[in-house]
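*Asks:* A structural model of the following input is requested.
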Amino acid sequence: MCRGLEALPITCLERAKELKALFGNLLQKSDHSFTSKKSDKLRLNDDEPLKWKESFEKLLSSQNGLCLFRAFLVSEFSEENIAFYLACEDYRATKPSKLAPKAKKIYDEFIGSDAPREVNLDHVTKAITKENMEHPGQSCFDLAQAKIYALMEKDCYPRFLKSSTYLELSRKNKTG
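*Replies:* Numbers count the residues shown, from 1 in each chain. Below you'll find the predicted structure:
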């Protein structure tokens, strides 16, 4: 399934490099602050990385945690999981008149048989989601999203907590 780095769009590679540079700088700065592309100053509270270890939900609810987790998934070539999860969150907030085209876009990008960023779903979940596409409602992707959330929580999240980036960041926050 892995097609190598050359199969990734240039924008993905550039974004991964930006995130790597961003978090590399984050780890080197003693006050744990960094500047985003938009020049907005973001700060890490001293205990913020430690809270991410409490639960997967706490990690995802933190803007910095989500960004770092996404960068981790890019490095593991599984960024499509968090992208799908976030697309589903956005989809739920969509106006009813715009659900059908947005549902098709999400399905084509993440679930369809030739999806460029296909997520790992079992056949039954794919079939149910495909059936939901006939009359897409705001809960159209709920089952698929729940499966991907569980996959990330059970598989990706523990690996993230063991990653050198997270361990170094949490160690620096413990020591001040």
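*Asks:* so where's the protein uncertain?
*Replies:* By pLDDT under 70, the weakly predicted segments of the chain are 1-44, 46, 173-176.
*Asks:* For the residue nearest to the spatial centre of the chain, list the residues it contacts.
*Replies:* Geometric centre of the chain, nearest residue: Ile82, 2.6 Å, by CA atoms, centre = their mean. Contact partners of Ile82, counting by CB atoms under 8 Å, 6 or more residues apart in numbering, are Leu66, Phe69, Arg70, Leu73, Met152. For glycine as for every other residue, the C-beta is placed from the backbone atoms N, C-alpha and C.
*Asks:* If any of the residues you listed are buried, put those into a PyMOL selection.
*Replies:* Remark: buried members of those, expressed as a PyMOL selection using 16 or more other CB atoms under 10 Å:
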select buried, resi 69+70+73+152
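*Asks:* which SS state does Pro116 fall under?
*Replies:* Using DSSP: H, G, I helix; E, B strand; the rest coil, the structure places Pro116 in coil.
*Asks:* contacting residues around it?
*Replies:* With CB under 8 Å, 6+ apart, Pro116 has these contacts: Glu109.
*Asks:* Next one: it from Ser139, what distance?
*Replies:* Applying CB to CB, to the nearest Å, the value for Pro116 to Ser139 is 25 Å.
*Asks:* leaving aside the residues next to it on the chain, what's closest to Ile128?
*Replies:* Leu143 (5.7 Å; CB to CB, 6 or more residues apart in numbering).
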